[in-house]
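**Student:** what's the 3D shape of this:
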Amino acid sequence: MESSALVLPVLIGLIIVAIAFDFLNGLHDAANSIATIVSTRVLRPQTAVAWAAFFNFIAFLFFGLHVAETLGVGIVAAQVIDARVIFGALVGAISWNLITWYYGIPSSSSHALIGGLLGAGITKGGTSAVVWAGVSKAGIAIVLSPFLGFLLALFLMFVVSWLFVRATPYAVDSIFRTMQFVSASFYSLGHGGNDAQKTMGIIAVLLFSQGMLGDKFYVPFWVVLACQAAMGLGTLIGGWRIVKTMGSKITRLTPVQGFCAETCGATMLFTATELGIPVSTTHTITGCIIGVGAARKTSAVRWGVAGSILIAWVITIPASGVIAALTYLATGLLG
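**Tutor:** Residues are numbered from 1 along each chain as shown. All right, here's what the predicted structure looks like:
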């Protein structure tokens, strides 16, 4: 921990930057919550983002703060955290989010933040600053979340197809248009529950490093409300470039496919949040969308688009880490 408390304006400024990241996270990842329900024409885009934003905001009522604890003290050791590390991590994550948002690439805001923390933390304290248990948990999730989402969605599509094999296409379409309201709600709830907690952890560890939380790390309730509100507002504004990629470029979705993708995605997010794993909502829903597309036929998936997304996933952590490290070094020169 730092020997003296940050000057209050600097502390407030860093908290504002963190909340700005959370807002951008909501804007960047709005597609995760609404792409399926928009692409199936169940809801208009403006209605869908309002729907998703509401469930993003109320997520704190349903989940514990295990993910916030992982991000706060489970990636980089708390004693290494200071203002420069936090600022570097946020700049790295925000910069990468803006780059991928501009090009319409659905990369992971979560892993951009993890990469930022690692880049700035290692620059300050070396590899000994890394909490390897937490990084390993996040690393396993990077690989497993899209793969398990793919398999779960593929299986659910087969089950639903078998159950409704004698139903008319019109009846199936009508039923699952209604069911998508439920599945989209649960997915938005899971998105808000997992993603908003990452910024909560960043703000809380910053406060903890300044001795403002006492001897025990926890997340103040005002931080919870601020982060959930920022994410909800970002979702409300929406990230339409990425909506197009997620909703139509990977595969064309029907209401039954949208329901299966959202249901499987929500199941994955609920489980990860309960286990304290900062999983990527982008990875999860993309795997599910590919799964429901492949259940129809493998040619229904635009594998070239999926491959481009995979490349973005691979380079997210090192790219945001490099930006964060450079930012950390630059702030040292300015200081």
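
**Student:** In terms of pLDDT, where does T251 sit?
**Tutor:** Looking at T251, its pLDDT stands at 54.

**Student:** same check, this time on K216
**Tutor:** Reported pLDDT for K216: 87.

**Student:** The one 5 residues further on now?
**Tutor:** According to the per-residue confidence, F221 scores 95 in pLDDT.

**Student:** Could you do G247 as well?
**Tutor:** 47.

**Student:** Longest helix in this structure, please.
**Tutor:** The residue-count maximum for a helix in the chain (DSSP state H) belongs to helix 169-209.

**Student:** how far does that helix sit from the chain's center?
**Tutor:** Using CA atoms, centre = their mean, to the nearest Å, the distance from the centre of helix 169-209 to the centre of the chain it belongs to is 10 Å.

**Student:** Give the next helix or strand downstream of that helix.
**Tutor:** helix 221-237 (DSSP states H and E).

**Student:** which residues does the residue lying farthest from the centre of the chain contact?
**Tutor:** Computed with CA atoms, centre = their mean, the residue of the chain farthest from its C-alpha average is R166, at 38.3 Å. Shown in contact with R166 (CB atoms under 8 Å, 6 or more residues apart in numbering): no residues. Every C-beta, even on glycine, is put in place using the N, C-alpha and C of the backbone.

**Student:** Assumed it was part of a helix.
**Tutor:** No - applying DSSP: H, G, I helix; E, B strand; the rest coil, one finds R166 to be coil, outside a helix.

**Student:** Tell me which stretches of the stretch 201-335 of the chain form helices.
**Tutor:** 221-237, 240-244, 255-275, 281-296, 303-334 (DSSP state H, counting those that start in this stretch).

**Student:** Please work out which of these is packed deepest.
**Tutor:** Highest mean neighbour count among the helices of the stretch 201-335 of the chain (mean count of other CB atoms under 10 Å): helix 281-296, with a mean of 27.

**Student:** now could you export just the CA positions of that helix as CSV?
**Tutor:** C-alpha atoms of helix 281-296 as CSV (Å, rounded to 0.1, in the frame of the first residue of the first chain):
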residue,chain,number,x,y,z
THR,A,281,-19.7,-12.2,-21.8
THR,A,282,-18.6,-11.6,-25.3
HIS,A,283,-16.8,-15.0,-25.5
THR,A,284,-19.8,-16.7,-23.9
ILE,A,285,-22.6,-15.4,-26.2
THR,A,286,-20.4,-15.8,-29.3
GLY,A,287,-19.8,-19.4,-28.5
CYS,A,288,-23.5,-19.9,-28.0
ILE,A,289,-24.5,-18.2,-31.2
ILE,A,290,-22.0,-20.3,-33.2
GLY,A,291,-23.5,-23.4,-31.4
VAL,A,292,-27.1,-22.7,-32.4
GLY,A,293,-25.9,-21.9,-35.9
ALA,A,294,-23.9,-25.1,-36.3
ALA,A,295,-26.9,-27.1,-35.0
ARG,A,296,-28.7,-26.1,-38.2
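
**Student:** Low-confidence ranges, the stretch 151-300 of the chain, go.
**Tutor:** Counting by pLDDT under 70, the stretch 151-300 of the chain has low-confidence residues at 238-252, 297-300.
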